[in-house]
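> Build me a model:
(one chain, ligands or ions: 1)
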Amino acid sequence: METILEVKKLKKKIGKTEILHDISFSVFENEIVGFVGPNGAGKSTTMKCITGLFKVPKDMVYIMGKDMYDHHVEALRYLGASIEAPALFPDLNGYDHFSMVANWRKEKKENLQELYELSGLKKEALKRPVRTYSMGMKQRLMLSLTLIGSPKLLLLDEPLNGLDPQATFEFREKLLDLRKRNTSILLSSHQLNEVEKICDRIVFIKDGRIVNSITTEALQQMQYYTFQLQPIEKARQVCKKMNLEIREEGTHVSIRFDTPQILNAFFKAVVSENIDIIEVNSADHLEQYYKNLYRNAEK
Ligand SMILES: Nc1ncnc2c1ncn2[C@@H]1O[C@H](COP(=O)(O)OP(=O)(O)OP(=O)(O)O)[C@@H](O)[C@H]1O
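As a prediction, this is how the structure comes out:
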């Protein structure tokens, strides 16, 4: 499997504060990787280091095997990026932005037609100055601009902000389609349900450190259930005996089962211990995983 992006022991100081501490992860070909973590964890800073917006020392960021330190011109040729709020010129219209970026990236004008359509912006809107666009329209334009020149790697920082539900569905399809066309993507987002739907793997960051990484497939195998069980003391004992992770939220408990077989064994144990199941709900995988992970990281 070809490595598209390699981040190796990336460190970043801003002023006297160490923001990133030895961040290491990779993005492989045909892979969409989610980059997830709380506010201020270091997602945007990492992305800025990858794009060269923040200069980093040698041997820390490689794009298609090119070190961003001394081969950044070649490395950037493979990259499309949208980081933080869409960086657009308020007085230029949509078409102007396309022409400008196409010039930089040496893309032929005739290849832009598909991207105009992909943006979902009408001709009338593309003729208007960007200052008249809504947040979602800016996001749509920005995403289409990042695709000019068919990058091998796309970095998207919070691209779902401001998108309406229809645009979110279309955006999801667009990313999945790009992956089919050999573009790998690093996507930072707080919208866990979308991350779970779009990404092949998720890398978790906290306080400038990578705290975990998991494939979406492995995540789907895990089953999270929220129960109301009585008596709760007995339920706790069953979980302890079975070595199950249990999280208590008021009158309910949330339990993670790594395989369907463990879930089955748990139900059998509950029945044999005469524990009443008052209520049971299956929970979103990524949301539960996130809660457990960051709760453990607090300890
Ligand atoms: N220019 C700067 N000067 C000083 N500190 C900064 C600067 N940029 C970022 N930081 C600090 O670096 C840390 C990481 O910020 P960063 O923007 O990378 O987080 P993030 O994970 O993208 O957060 P969010 O989800 O809120 O966008 C934060 O503590 C932030 O205050």
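> which SSE is the most centrally placed residue in the chain in?
Closest to where the C-alpha atoms of the chain average out (C-alpha atoms, centre = their mean) is G34, at 2.6 Å. Here G34 sits within strand 32-36, counting by DSSP states H and E.
> Can you list the helices and strands that the next helix or strand after that strand packs against?
Following strand 32-36 in sequence order, the next helix or strand is helix 43-51 (DSSP H and E). Helix 43-51 makes packing contacts with strand 3-14, strand 17-28, strand 32-36, strand 61-63, strand 79-82, strand 153-157, strand 184-188 when contacts are defined by 3 or more C-beta pairs under 8 Å, 6 or more residues apart in numbering; DSSP states H and E. In this view, the C-beta of every residue, glycine as well, is placed from N, C-alpha and C.
> got a markdown table for those strands, with distance to M137 and mean pLDDT too?
Below are the helices and strands packed on helix 43-51 laid out as a markdown table (distance: least, C-beta to C-beta, whole Å; pLDDT from 0 to 100):
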| stretch | distance to M137 | mean pLDDT |
| --- | --- | --- |
| strand 3-14 | 29 | 95 |
| strand 17-28 | 28 | 95 |
| strand 32-36 | 24 | 97 |
| strand 61-63 | 29 | 96 |
| strand 79-82 | 14 | 89 |
| strand 153-157 | 17 | 94 |
| strand 184-188 | 20 | 96 |
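> With just CA atoms, put the strand holding G34 into CSV.
These are the backbone C-alpha positions of strand 32-36, laid out as CSV (Å, rounded to 0.1, in the frame of the first residue of the first chain):
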residue,chain,number,x,y,z
ILE,A,32,-10.0,8.6,4.0
VAL,A,33,-8.7,9.2,7.5
GLY,A,34,-10.7,11.1,10.1
PHE,A,35,-8.8,13.5,12.4
VAL,A,36,-10.8,13.9,15.6
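> List the buried residues for that strand?
By 16 or more other C-beta atoms under 10 Å, the buried positions in strand 32-36 come out as 32-36.
> and E248, that's in a helix?
No. Under DSSP: H, G, I helix; E, B strand; the rest coil, E248 falls outside any helix and is assigned strand.
> what about it, distance to V238?
Distance check for E248 against V238: by C-beta to C-beta, to the nearest Å, it reads 14 Å.
> What angle do strand 153-157 and the longest helix belonging to the chain make with each other?
In the chain, taking DSSP state H as the definition, the longest helix is helix 165-180. For helix 165-180 against strand 153-157, the angle by axes from the mean of the first three to the mean of the last three C-alpha atoms, to 10 degrees is 150 degrees.
> Need the contact partners of helix 165-180.
30-32, 118, 120, 136, 139-140, 143, 147, 154, 159-160, 163, 185, 187, 194, 197-198 (C-beta atoms under 8 Å, 6 or more residues apart in numbering).
> Repeat the analysis, applying 10 Å as the threshold.
Helix 165-180 has contacts (C-beta atoms under 10 Å, 6 or more residues apart in numbering) with 29-32, 80, 118-120, 136-137, 139-140, 143-144, 147, 150-151, 154, 156, 159-160, 163-164, 183-185, 187, 191, 194, 197-200.
> Mind giving me the PyMOL command for buried ones among those residues?
Typed into PyMOL, the line below selects the buried ones among these, using 16+ other C-beta under 10 Å:
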select buried, resi 30+31+32+80+118+119+120+136+137+139+140+143+144+147+151+154+156+159+160+163+183+184+185+187+191+194+198+199+200
